[in-house]
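Enquirer: Pasted the sequence and its predicted model underneath.
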Amino acid sequence: MRPVAREAWLEASHRVGNASSLHASGRSARSLLEDARERIGAALGAHPTEVILTSGGTEANNLAIKGAFWARRAKDPARTRIVTTAVEHHAALDPVRWLASQQGAVAAELPVDADARLLLDSLAAELDTHVHLTALVSVQGVNNEVGTVQPVAEAVALAAAQGIPVHSDAVQGIGHVPFDFAASGLATAAVSGHKVGGPVGVGALLALRDAALSPLTHGGGQERRLRSGTVDVAAAWAFAAALDDAVSGLDAEAQRVAALGERLARALASASPGAVVHGPSQGAPHIVHAIIPGASSEALLVALDLAGIEVSPGAACTAGVVEPSHVVLAMGGPEEHALSTVRFSLGWSSTDADVDAAIDALAGAVAQARR
Amino acid sequence: MRVLAALSGGVDSAVAAARAVDAGHDVIGVHMALSRNRDEYRSGSRGCCSIEDSNDARRAADKLGIPYYVWDLSDEFHDLVVTDFLNEYAAGRTPNPCVRCNEHIKFDTLLERAQSLGFDAVATGHYARVVIRDDGVRELHRAADAAKDQSYVLAVMGPEKLARAMFPLGEIATKSEVRAEAAARGLGVSNKPDSYDICFVADGDTKGFLERALGEKPGEIVDEAGEVVGAHSGAYSYTVGQRKGLRLPRPAADGAPRYVTGIDTDRNVVTVGPETLLSVRELVGEDVVWLAPDVDAASPTPCLAQVRAHGDPVAGRVVRTGDRVTVELDEPMRGVAAGQSLVIYDGTRVLGQATIAKRER
């Protein structure tokens, strides 16, 4: 967690009170909550009213997707299609698949190119054929595995022209690539606290005032009646502080991180001939991804972890089994690529020394994993 | 040494890993995921491979302060253990899947992966002892606790793999000692029930599992004279020596119980007969794995022979010629079936292992 976030959290934790209560301590908590909401809105180009605090990115994506599907279909029963990409994070993909299997939705998971980037032609064709049947479009901002920056603005242009609301899972890009909700034309966008160096267990859905949404939870009517439940004010305040820190000076920080990422990407390529590497020059500054044919994700993870370098294999199930990456499968390479991946994430705390250590560990790890 | 401890989520492997840590080794824990479709596999007290088991293994690793990973060996397990199990039954033999799992999964696939990551040994919670002699020969022995001894299912690994295996529970006197040690170490699995039977047969119903996988194949049960005495739903699901579940409509003329004496999956016929026909005085094993370089057994050598995990060993003399072993037994042995693992002991020491060959008759 960023130090400013930790301090903000501690500070807010002294101010006990339920922000929904009407007495003095309730008012005090409510005041801090609204301060947090204003700060979060300001950092993301959203009006405070447009900030709906949630338990994190997953809940925000669920609220946006299920909420929009239910609300849009309630008004027009023909609108059952949900258009998304094949490379969404599971927090945005699984709600669509659940709606398709349980709630009568029709899922259109659009294809991507070899860099995991949405094929806009397929979106245009989809909307041409099914515009009157479409409930919403959902396109991530940055791919969490490969770092691909998706053509969200282009997708919005295609969909908004037809009156279709667009949701974006913006969790992965905030603090690394510029984001302005007001300028985006999006109906909703999901953000997460811990991805910007704030606490886990807090996030937000940015939602236009007139976004058609049904709530997932019912109760006290907090958060525009869209998210009932007592809000964690300390977490919201810490999230706001982290977000402020992440967004201020984003350009310089993105440059610094991209330089680290480039160095790592070059080292990866030279340590593993034949590898397909995606680094900052192909996408977001903070993600370096490699498909290393012949190496196993599992072995790479273990070898690097034991060398003190923490990486992600792409996907793992609840039991901890490394699973084939749906993103890499969608990129169209051979199936074994999906189990031969490694992803490095960089952030505000990453240093030159960290990258040196990772580079030192790479050659040995790749050799061990290429059995 | 750098040691990879296989953690099943049970109490034995957890204590084995703890002892490896105590011995000063650099230990990591690995849980093998053996099924992609975890619901198919049994869960809770009866099983292995459930999500709960992987969580139990993770908590054990947490307590021991060692790194923990889950490795997906489900493809290998399916191809080398489950498919082999079905093929063996389909061919009228009686396989032991635990032997195959030790041979192909724990002490091959897992050991290879461990080695490629720079580990020197794999530690498991098996009950067996390894004795290293002054001349460097490694002897595999029965565990101190004869009731828990698992040397029978380990013999197949052979001398090279044995050199990289570690069984920290070999000297333990009783299972309750392991549970007490687990409790003293604060391991949450100290009271977890033992697992029994075949881990991938979800409900313990092997016959049902075979029928679902191989399909029903109704046929005749005949006596030694060739007369039809009953019907079966698939010859493959019977085992030589089996008495229960034959559901013969009439008792034998002499009123004595009848046993399966032969399985012919080509003709889909099960033969039954009196107990006397079950007894053999000679065992022939093929695909020999020999663990005792100092005992060549070229001429008849006194030994004990065992053909079941919990079967009683029978004394005899073994002769090894090429890829076969022949054991002349001092007294008859019952219920010997092709495909079973034959393990040859000298006292508590394992000399070698082979697979019971199909009997020519």
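Expert: Great, that's in hand. Numbering: from 1, shown residues only, chains lettered A, B, ... in the order given.
Enquirer: and stretch B:162-174, average pLDDT?
Expert: Averaged across stretch B:162-174, the pLDDT comes to 94.
Enquirer: Repeat that for stretch B:127-139.
Expert: So the average pLDDT for stretch B:127-139 ends up being 95.
Enquirer: Then stretch B:301-313?
Expert: On average, stretch B:301-313 scores 94.
Enquirer: Would you indicate which residues of it are buried?
Expert: B:301, B:303, B:304, B:305, B:306, B:307, B:308, B:311, B:313 (16 or more other C-beta atoms under 10 Å in any protein chain shown). Where C-beta positions appear, they are placed from N, C-alpha and C, glycine not excepted.
Enquirer: For the nearest residue to the last one once chain neighbours are set aside, what are phi and psi?
Expert: Excluding the flanking residues, the one nearest residue B:313 by C-beta to C-beta, 6 or more residues apart in numbering or on different chains is residue B:304, at 3.8 Å. Recorded main-chain torsions at residue B:304 are phi -120, psi 140, according to degrees, to the nearest 10.
Enquirer: where does chain B dip in pLDDT?
Expert: Counting by pLDDT under 70, chain B has low-confidence residues at B:36-49, B:360-361.
Enquirer: Show me what residue of it gets nearest to chain A.
Expert: residue B:70 (3.4 Å; C-beta to the nearest C-beta).
Enquirer: The residue nearest to residue B:313 bridge partners, please.
Expert: residue B:315, residue B:345 (DSSP bridges).
Enquirer: Provide the secondary structure category for the residue of chain B closest to chain A.
Expert: In three-state terms, and counting by DSSP: H, G, I helix; E, B strand; the rest coil, residue B:70 is strand.
Enquirer: mind listing what it touches?
Expert: A:316, A:319, A:320, A:321, A:322, B:30, B:31, B:32, B:33, B:54 (C-beta atoms under 8 Å, 6 or more residues apart in numbering or on different chains).
Enquirer: number of nearby residues for the residue of the stretch 151-300 of chain A found nearest chain B?
Expert: Residue nearest to chain B within the stretch 151-300 of chain A: residue A:298 (5.7 Å; C-beta to the nearest C-beta). By the measure other C-beta atoms under 10 Å in any protein chain shown, the count of residues near residue A:298 is 23.
Enquirer: isn't it right up against residue B:72?
Expert: Yes - judged on C-beta atoms under 8 Å, residue A:298 makes contact with residue B:72 at a distance of 6.9 Å.
Enquirer: Quick check: neighbours shared by these two?
Expert: residue A:322.
Enquirer: For the stretch 101-250 of chain B, what lies in contact range of chain A?
Expert: B:112, B:113, B:116, B:117, B:118 (C-beta under 8 Å from any C-beta of the partner chain).
Enquirer: Leaving out chain neighbours, which residue sits closest to the fourth one?
Expert: Beyond its immediate neighbours in the sequence, the residue positioned closest to residue B:117 (C-beta to C-beta, 6+ apart) is residue A:368, lying 5.3 Å away.
Enquirer: The one you found is in what secondary structure piece?
Expert: helix A:352-369 (DSSP states H and E).
Enquirer: Which strands and helices lie in contact with that helix?
Expert: helix A:250-271, helix A:297-306 (3 or more C-beta pairs under 8 Å, 6 or more residues apart in numbering or on different chains; DSSP states H and E).
Enquirer: ok and the longest one relative to helix A:352-369, angle-wise?
Expert: Right, helix A:250-271. Helix A:250-271 runs at 30 degrees relative to helix A:352-369, counting by axes from the mean of the first three to the mean of the last three C-alpha atoms, to 10 degrees.
Enquirer: where exactly do the helices run in the stretch 51-200 of chain B?
Expert: For the stretch 51-200 of chain B, the helices defined by DSSP state H, counting those that start in this stretch cover B:51-64, B:74-77, B:83-90, B:97-100, B:110-116, B:151-154, B:158-162, B:175-184.
Enquirer: Repeat that for chain A.
Expert: Remark: helices assigned in chain A by DSSP state H are A:3-13, A:24-44, A:57-75, A:90-102, A:120-130, A:152-160, A:181-184, A:233-247, A:250-271, A:297-306, A:326-330, A:352-369.
Enquirer: Now residue A:20, what are its backbone angles?
Expert: phi -90, psi -10.
Enquirer: got a list of what it touches?
Expert: Residue A:20 touches A:26, A:30, A:220, A:222, A:230, A:231, counting by C-beta under 8 Å, 6+ apart.
Enquirer: What pLDDT is listed against it?
Expert: Value for residue A:20, per-residue pLDDT: 85.
Enquirer: Domain parsing of the chain, as residue ranges.
Expert: Looking at chain A here, since you left the chain open. Residue ranges for the domains of chain A, per automatic domain parsing: A:3-247, A:250-369.
Enquirer: Not quite, go with chain B.
Expert: Split by automatic domain parsing, chain B gives B:2-191, B:216-277, B:280-356.
Enquirer: what about the second one, start to end distance?
Expert: By C-alpha to C-alpha, to the nearest Å, the extent of domain B:216-277 from end to end equals 28 Å.
Enquirer: swap in stretch A:189-206?
Expert: 5 Å.
Enquirer: can you check stretch A:146-159 too?
Expert: Start-to-end, stretch A:146-159 (C-alpha to C-alpha) is 25 Å.
Enquirer: ok, back up a step: so which of the residues of the stretch 101-250 of chain B next to chain A is the closest to residue A:184?
Expert: Ranked by distance to residue A:184 (C-beta to C-beta), those are led by residue B:117 at 45.4 Å.
Enquirer: So the closest one sits against residue A:304, correct?
Expert: No - with contacts counted by C-beta under 8 Å, residue B:117 stays clear of residue A:304, the gap being 10.8 Å.
Enquirer: Pick out whichever of these two has more residues nearby.
Expert: It is residue A:304, of residue B:117 and residue A:304, that has more neighbours when counted by other C-beta under 10 Å, with 23 against 20.
Enquirer: one step back: among the helices of the stretch 51-200 of chain B, which is the most enclosed?
Expert: Of all the helices of the stretch 51-200 of chain B, helix B:151-154 has the most neighbours on average by mean count of other C-beta atoms under 10 Å in any protein chain shown, namely a mean of 25.
Enquirer: Compute the number of surrounding residues for residue 195.
Expert: You didn't pick a chain, so chain A it is. Neighbours around residue A:195, by other C-beta under 10 Å: 25.
Enquirer: wrong one, I was asking about chain B
Expert: 18.
Enquirer: Check residue B:134 too.
Expert: Applying other C-beta under 10 Å, I find that residue B:134 has 5 neighbouring residues.
Enquirer: who are the neighbours in contact with it?
Expert: Contacts of residue B:134 by C-beta under 8 Å, 6+ apart: none found.
Enquirer: Could you report the separation of it from residue B:262?
Expert: The spacing between residue B:134 and residue B:262, counted by C-beta to C-beta, to the nearest Å, is 49 Å.
Enquirer: Kindly report the same for residue B:82.
Expert: In terms of C-beta to C-beta, residue B:82 sits 26 Å off from residue B:262.
Enquirer: what does residue B:139 give?
Expert: On the measure of C-beta to C-beta, residue B:139 and residue B:262 end up 37 Å apart.
Enquirer: about what we covered before: and the domains of chain B: which comes nearest residue A:19?
Expert: domain B:2-191 (35.7 Å).
Enquirer: now the closest one: how far from the chain's centre is it?
Expert: 12 Å (C-alpha atoms, centre = their mean, to the nearest Å).
Enquirer: gap between the two ends of that domain?
Expert: End to end - C-alpha to C-alpha - domain B:2-191 spans 29 Å.
Enquirer: Same check on stretch B:72-86?
Expert: Note: stretch B:72-86 ends 22 Å apart using C-alpha to C-alpha.
Enquirer: and residue 359, how many neighbours?
Expert: Let's take chain A. For residue A:359, using other C-beta under 10 Å, the count is 17.
Enquirer: wait, chain B
Expert: Residue B:359: 14 neighbours (other C-beta under 10 Å).
Enquirer: circling back to that earlier point, so who does the spatially closest residue to the residue of chain B closest to chain A that is not a sequence neighbour touch?
Expert: Nearest residue to residue B:70 in three dimensions, chain neighbours excluded: residue A:320, at 3.4 Å (C-beta to C-beta, 6+ apart). Neighbouring residues of residue A:320 by C-beta under 8 Å, 6+ apart: B:31, B:33, B:54, B:58, B:68, B:69, B:70.
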